[in-house]
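Asks: Turn this into a model:
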Amino acid sequence: MPEPIDDLLTIPEVLARLGGKIHRSSFHRWRATGRGPRATRLPNGQVRIRCSDLEQWLDGLTG
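Replies: Numbers count the residues shown, from 1 in each chain. Below is the predicted model:
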């Protein structure tokens with residue numbers, strides 16, 4: 001049986017999942033300083049966040 005697909009989220013999708021209260025520049029700053037979720041850079045240069053990486057990062061924030 002194939003494994004479920006781990007969706008790749010855009011930055012706006014991630015921000016929406018965070019409640020829409022985080023500014024894009026704050027999110028990029030967190031990533032640049034190693035405090036944000038793990039990201040994947042696509043061949044076209046766009047950044048995506050795996051849904052599982054976002055969930056793991058959020059779990060780490062809450063304890």
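Asks: Phi and psi next, for Thr10.
Replies: With angles defined as degrees, to the nearest 10, Thr10 sits at phi -80, psi 170.
Asks: Is it correct that it is in contact with Arg50?
Replies: No: here Thr10 lies out of contact with Arg50, judged by C-beta atoms under 8 Å, at a distance of 11.9 Å. In this view, the C-beta of every residue, glycine as well, is placed from N, C-alpha and C.
Asks: Helix, strand, or coil at Leu58?
Replies: helix (DSSP: H, G, I helix; E, B strand; the rest coil).
Asks: which residue sits closest to it, ignoring its sequence neighbours?
Replies: Take Leu58 and drop its neighbours on the chain: the residue closest to it by C-beta to C-beta, 6 or more residues apart in numbering is Pro37, 7.9 Å away.
Asks: Which helix or which strand is home to the residue most central in space within the chain?
Replies: Geometric centre of the chain, nearest residue: Ile49, 3.7 Å, by C-alpha atoms, centre = their mean. Assessed by DSSP states H and E, Ile49 sits inside strand 47-50.
Asks: and that strand, what does it pack onto?
Replies: For strand 47-50, the packing partners by 3 or more C-beta pairs under 8 Å, 6 or more residues apart in numbering; DSSP states H and E come out as strand 8-9, helix 11-17, strand 40-41.
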